[in-house]
Structure formats: C-alpha cells, structure tokens
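**Student:** Turn this into a model:
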Amino acid sequence: MSSDNLLTPEQAREIQEQLFATYRQQTNRHVPVHLPRKDFWEMIKRLLTTLDLQIHDMIRKHGADLRVQNEQKRQANVRHIASELARRRMVAMMQHASSQSLRMATSVSDVATPLPPIDWQKADAAERALYNAIEKEMDKFKMTIGWREMQDGLRGEMEFVEATHKPGTMQLDDFTDEALTDRAPPALVFEDEKPEPMDAFDVDEEDRIAALEWDAYETPQDPSEHQQPEESAQPMSKTPVQSTEGRHGAAMELAPSANASITDDWMNEDEIVAEASSKIRIRILQSFDDPIATADGSELLLKAGDVHNLDETMATWLIESGTAEAAPL
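**Tutor:** Down below sits the predicted model:
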C-alpha cells in the first residue's frame, strides 16, 4: 500500500477521537447525527490500515511485546466502535426512509406531514447512496403489496386515471427492426385534439327546472294597466328587486336565503378542545435551513430558541432527534 494512504500519529489520534465522539452522539438517537467530515468512513478505513501496518512492523522489529499488545487492543476497540456506529446509522437511515415513505400521501386530496430531511452536506456520500437505494426498495415494496389500495380502498381505484399521450407519440419499438422485449408494447392512449366543451352548471339541475316551471305559471302583467300618474313622478323605491333567475321551486318563503347560514360556536367546542389537546409545546434547540410542513399543510421555519405548539407526531420526532425539547407551561 502506498505511504500516501497512511496516517500520521497525530492524524490517527484525531480520527479515532472523532469516531468515539460520533458513536457517543449516535447511541441514543433515532436519526443519523452529523458526521465531522464528508470522507468519514474513508478515514476510518485508513486509520485501521495504518494500525494494522504499525502492528506488523512492530512485530517484525521487536516481536510480540507489550507495545504490540496495546496496539492490538486499540485496533480491536476501533473496529468494534466503527462496526457499532455503522450498524446504528444504518438502522436510523432505514427507519427514517421507511417512515417518510409510508407517511407520503397516497391521494391528491390527502395532506401528509413530511419528516425533517437529512442534511447530506454533513453525511458521507456512501450513506446517501444507501439511503437512495432504500427509498427505491420501499417504492417497490409498496407496489408489490398494493399499498395504495390498502390505504385508499375503492377511492384509490376510482381516482386512478390512465396516462394519456400527445397525438403522434411513438413506441420505442418503432425505431428498431428487432423487438426490445418478448412482449408487445402496451397500447397508448392519446389525448383528444379538440375535446368537446361541456356546459358547466353552477346550480342544481332540479332547481333550474323548477325555476323554469315557476316562471311558466306566472302570467305577464301589462305595466300600463296599473300605472298611476302620481307614482310616475315619485322616485323609485330603495327596496332592491330580487331577480327571477334561479328561483326556488317551492314557496318563496321556503327559498334559500341569500344571507350566510348561522353557525353555533358551541357545536365546535369539542372539536377545538380535541384539536388543542393533541398539540405539544416544544422549544427548538437547533435551527433548520429549510422550512418543514405542519399537519395543516403550512410551512414553518424552525429557529433555535423558538417555542412552537406542534402536533404530537412531529413534536415527538423533533424531541427524539435532539433538535428540540419539551417546554410545557
């Protein structure tokens, strides 16, 4: 091995201290903690290689004396801590990726609260590649077991819309003489060039027909029969005249009022109390660069020292990740 890959005694001691410190931080965390450097695992490999070569060189020069035994214990300790740290970080990444994938909305109308993202600027590149592979496998797993149908039921099947293509779209087999696969290419569904416009009705069809029948029963009146000369000089009444368009089919006193309906606040008191009870008051210990989405769909930027009332799931996750602490009144 080239001497350029070996570490000096000072570098080896620094990398070993970083390894032990990172392991202590990761011990009780459910999310991957920040690494002290991007090439963390590469430096751990170089550290173990340096220790191995030092032990062989010491045995060749002095034999298996006490110094060799101490170096062997040091090497075994570094290997054990590196193995435990890698295992805990892999478990944390698997938990984060699976939780994020299973919390994703399966329907357009659903609103899902995403978990705080991992800061890949403070993680190893090999760990990010592993995380992306876990996400792909989670998507395959959800398709295999029918996760969308399990969560949405009949609603998910009704909302499925087959993909359409622009007129003139060609298959890949059209560009080659030989078939790409053993199966025939799937049939394409093309979009209509000029779809027929559909009439949009703002009112219910029954109400519209009832209004037409109501107008049919009314007899037109001649304004000249009831016109009085003294009334012609008076200004028009300030009472607004209601339009006959969209009249209700029942009696006019039963027609829907134009005013907004009155709602009783006492009917929603139980819902407000239930909603408020699910909130947890926390204090932010570490600032986030990007905003996170709350349960109601709004975005919230977390800064160190801020106090927020968040839903129980999000608050528990932030507390366990070490970025927040409970702050009850």
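**Student:** residue ranges with poor pLDDT in this structure?
**Tutor:** Applying pLDDT under 70 to the chain picks out residues 1-4, 105-112, 154-163, 165, 172-173, 179-186, 189-204, 215-277.
**Student:** just the helices in it please.
**Tutor:** 9-26, 40-62, 66-103, 125-145, 147-152, 154-159, 205-217, 229-232, 269-277, 312-320 (DSSP state H).
**Student:** Out of those, the one nearest Pro114 is which?
**Tutor:** Nearest to Pro114 among the helices of the chain is helix 66-103; the distance by Cβ to Cβ comes to 6.5 Å. Every residue, glycine included, has its C-beta placed from N, CA and C.
**Student:** name the helices or strands packed onto the closest one?
**Tutor:** helix 9-26, helix 40-62, helix 125-145 (3 or more Cβ pairs under 8 Å, 6 or more residues apart in numbering; DSSP states H and E).
**Student:** Adding distance to Thr169, write these out as JSON lines.
**Tutor:** Written out in JSON lines, the entries for the helices and strands packed on helix 66-103 read as follows (distance: least, Cβ to Cβ, whole Å):
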{"stretch": "helix 9-26", "distance to Thr169": "50"}
{"stretch": "helix 40-62", "distance to Thr169": "46"}
{"stretch": "helix 125-145", "distance to Thr169": "24"}
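**Student:** Provide a list of residues in contact with Gln18.
**Tutor:** Gln18 makes contact with Pro36, Arg37, Phe40, Met43, according to Cβ atoms under 8 Å, 6 or more residues apart in numbering.
**Student:** Can you say which of the residues you listed are buried?
**Tutor:** Burial of the contacts of Gln18 was assessed by neighbour count (16 or more other Cβ atoms under 10 Å); the buried members are Phe40, Met43.
**Student:** Now distance to Asn77 too, for the contacts of Gln18, in TSV please.
**Tutor:** Shown next, in TSV, are the contacts of Gln18 (distance: Cβ to Cβ, whole Å):
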residue	distance to Asn77
Pro36	19
Arg37	21
Phe40	18
Met43	17
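**Student:** now, which of the contacts of Gln18 sits nearest Ala125?
**Tutor:** Within the contacts of Gln18, distances to Ala125 taken as Cβ to Cβ reach their minimum at Phe40, with 9.8 Å.
**Student:** Pull the contacting residues for that closest one.
**Tutor:** With contact taken as Cβ under 8 Å, 6+ apart, Phe40 is in contact with Gln18, Thr22, Asp124.
**Student:** how far away is it from Gly168?
**Tutor:** Computed with Cβ to Cβ, to the nearest Å, the distance linking Phe40 and Gly168 is 52 Å.
**Student:** domain assignment for this protein?
**Tutor:** Domain ranges of the chain: 3-157, 271-326, per automatic domain parsing.
**Student:** mind giving me a markdown table with those domains and columns for distance to Leu188?
**Tutor:** Conversion of the domains of the chain to a markdown table gives the following (distance: least, Cβ to Cβ, whole Å):
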| stretch | distance to Leu188 |
| --- | --- |
| domain 3-157 | 22 |
| domain 271-326 | 36 |
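**Student:** between those domains, which one is nearest to Glu206?
**Tutor:** Judged by Cβ to Cβ, the one of these that comes nearest to Glu206 is domain 3-157, at 26.8 Å.
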